[in-house]
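Colleague: for reference, the sequence and a predicted model appear below.
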Amino acid sequence: MQAPSLGGVSVPRGNGSTVVRLRHGSSLNDFADKIDANPASLVTVLFHLGEMATATQSLDEDTFNALGAELGYVVEMVSAEEEDRELLGSFDIDLEAEEAGESDEDLQARPPVVTVMGHVDHGKTKLLDAIRSTDVVAGEAGGITQHIGAYQVRTEHEGVDRAITFIDTPGHEAFTAMRARGAQVTDIAILVVAADDGVMPQTIEALNHAQAAGVPIVVAVNKVDKEGANPAKIRQQLTEYNLVAEEYGGDTMFVDVSAKQRTGIDQLLEAVLLTADAALDLRANPDKDARGVAIEANLDRGRGAVATVLVQSGTLHVGDAIVAGTAHGRVRAMFDEHGENVTEAGPARPVMVLGLASVPSAGDTFLVAPDERTARQIAEKREAAERAALLAKRRKRISLEDFTQALAQGKVETLNLVIKGDVSGAVEALEDALLKIDVGEEVDLRVIHRGVGAITQNDVNLATVDNAIIIGFNVKFAERVEDLADREGVDVRFYSVIYQAIDDVEAALKGMLKPEYEEVQLGTAEVREVFRSSKFGNIAGSLVRSGEIRRNSKARVLRHGRVIGDNLTIESLKRFKDDATEVREGYECGIGLGSFNDLQVEDVIETFEMREKPRS
């Protein structure tokens, strides 16, 4: 039904309950396709609603809701998961139907996937060292775990050889997003608490992530060998957070361990397996195409894109065509945690995969596609949808009134960043932390590009065009790129610890703020006598009461506490008959305030200067 809308534009109208489903990042063209309208007419309608947009521009949900309400449609934004399901459905890949069709005979027991969480310096990496009998912490920058890795260990439990998969997550607050993602692929969380330190803010944070993900928790009370260790206190503290030890009548297993002395490790692994057997039904179907999650990914100079993936169901084989997020390729080779070649990986098995055309993001789901062409098409469609959603997220809604006002006030200062890192998880965590920096509404932070690998010519060119700063996290320049950056005057900063990057960017943002000034009092002088001078006007014979009086400084005159003269300047200053540049407390002087002559005995002359206020 055609009906005139705003400004006499003809647009097909809904009946008020007609539902239009749109994916995030859609444009007016997409909306016009759904309701069989001319995109140009929708641009006009939107203009009358106070929004300016082109037909191909990605719009946000609020804009579509306003437009839908005006035209009689209910706009439903499709979530990323639904959108992905619909996309896969168009390639005849239905994951839900596949899972629903599995019988009990198809499912086989799989190892539990365990994430080690806890406060920084409570010994998470040392504990993983003890479990794997390797040395991870020696290679960390500043003793901080910056990457996510996955490892599988084997232990004997009740006479059976059992495997346990560990995901090693970084333990810093800035990496909260990565730790939360670690919990999503996890069956059981080990919460490490130092017996000599107790429950700390990040302990609670890690605990909240694990509880939000609905995973059982095993508490490892570490450093029990240290002086001042009090394991009983830890058990008592954690009861406040609904973690009640079994010996107190609860259902949480607490194990006292010493990562340094390597004691209690077997008991901890046993507790993990007992918790898995008692609380979880860990089974998966190995006889189908693999599905899983990319735990970490990086760009290797010799091997190209390398992804650490965790298979969650099915079996991954060398030669399979896979798609992980927006990356696709064929599995050329797989390696286990010891660097050994493997030809297949079953459920709960972490492996390093070679053969992807680009680097996936940490936390991207991967699946095996029927062939490489299908994998490429899925990846390309996902990338297009992701780009559109990102553009919609970046676009700030602005009405005509706001637009005029913004023009009148001068535009918002923007700091553009290009972030490059050695692994995708670190890049994502750094971006997440930087976008949380808040220094008010005067300045804006925008990440215009993020990626994995060395800083390339393209990065420098992009930074030149958009006047951006490049942040390199555990990476360096590619060949001959440093000279280009010097020539173009692009600011490139390198970091190996995430907090240094955050502090520097925060300082830069504060530096972009317009300076704030505060008044600082320099001194006061009491007028004892007023001398009349035909040449200089009235001169105040004064005694300096506090601080110092400087020539050319700003001044005001107070009488009985009230300001009677402001915005004045000390134009002349004399000690007896000699000119002076400053006169200190306790000394007498003659003060001339230029054309201001309303001076009386007992007036107070106050001098001050405006100083730039440091941003807190």
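Modeller: Arrived safely.
Colleague: and the nearest residue to Val359 once chain neighbours are set aside, what is it in contact with?
Modeller: Once its chain neighbours are removed from consideration, Val359 has its nearest residue in Val452; the separation is 4.3 Å (C-beta to C-beta, 6 or more residues apart in numbering). (Glycine included, C-beta is placed from N, CA and C.) Val452 makes contacts with Ala297, Asn298, Leu299, Val359, Lys420, Gly421, Asp422, Val423, Ser424, Val427, as judged by C-beta atoms under 8 Å, 6 or more residues apart in numbering.
Colleague: what's the helix or strand for the third one?
Modeller: Per DSSP states H and E: Leu299 is located in strand 291-300.
Colleague: now the element after that strand, going C-ward?
Modeller: Elements were assigned by DSSP H and E; along the chain past strand 291-300, the next helix or strand is strand 304-313.
Colleague: tell me if I'm right that Glu61 and Met77 touch.
Modeller: Yes - in terms of C-beta atoms under 8 Å, Glu61 counts as a neighbour of Met77; the distance is 5.0 Å.
Colleague: what is the most widely separated pair among the contacts of Val452?
Modeller: Of all pairs drawn from the contacts of Val452, the greatest distance, 13.9 Å, lies between Ala297 and Lys420 (C-beta to C-beta).
Colleague: show me where pLDDT drops low in the stretch 501-616 of the chain?
Modeller: Within the stretch 501-616 of the chain, the set of residues satisfying pLDDT under 70 comprises 510-516, 614-616.
Colleague: strands of that one, start to end?
Modeller: When secondary structure is read from DSSP state E, counting those that start in this stretch, the stretch 501-616 of the chain shows strands at 516-533, 537-550, 554-559, 562-569, 572-575, 578-579, 582-584, 588-592, 604-613.
Colleague: number of nearby residues for Glu571?
Modeller: Glu571 sits with 16 neighbouring residues when counted by other C-beta atoms under 10 Å.
Colleague: start at 6 instead
Modeller: That works, and once the first residue is 6, the last one we named lands at Glu576.
Colleague: what residues are up against the nearest residue to it once chain neighbours are set aside?
Modeller: For Glu576, ignoring the flanking residues on the chain, the nearest one in space by C-beta to C-beta, 6+ apart is Gly599 at 4.3 Å. With C-beta under 8 Å, 6+ apart as the criterion, the residues that contact Gly599 are Gly542, Leu573, Thr574, Glu576.
Colleague: ok, Gly599 to Val549 distance?
Modeller: 19 Å (C-beta to C-beta, to the nearest Å).
Colleague: ok, which of the strands of the stretch 506-621 of the chain comes nearest Lys131?
Modeller: When the strands of the stretch 506-621 of the chain are compared (using C-beta to C-beta), the closest one is strand 609-618, at 45.1 Å.
Colleague: now that closest one against strand 593-597, angle please.
Modeller: For strand 609-618 and strand 593-597, the angle between their directions (axes from the mean of the first three to the mean of the last three C-alpha atoms, to 10 degrees) works out to 80 degrees.
Colleague: what comes up buried for strand 609-618?
Modeller: For strand 609-618, the buried set under the neighbour-count rule, 16 or more other C-beta atoms under 10 Å, comprises Val609, Ile610, Glu611, Thr612, Phe613.
Colleague: check stretch 592-602 too.
Modeller: Judged by neighbour count (16+ other C-beta under 10 Å), stretch 592-602 contains these buried residues: Cys594, Gly595, Ile596, Gly597, Leu598, Phe601.
Colleague: of those, just say which sits nearest to Gly21.
Modeller: Closest approach between these and Gly21, by C-beta to C-beta: Phe601, at 71.3 Å.
Colleague: check the offset of the longest helix along the chain from the chain's centre.
Modeller: For the chain, the longest helix by residue count, based on DSSP state H, is helix 377-399. For helix 377-399, the distance from its own C-alpha centre to the chain's C-alpha centre is 22 Å (C-alpha atoms, centre = their mean, to the nearest Å).
Colleague: other SSEs contacting that helix?
Modeller: Using 3 or more C-beta pairs under 8 Å, 6 or more residues apart in numbering; DSSP states H and E as the contact criterion, the neighbours of helix 377-399 among helices and strands are strand 23-28, helix 85-94, strand 326-329, strand 332-340.
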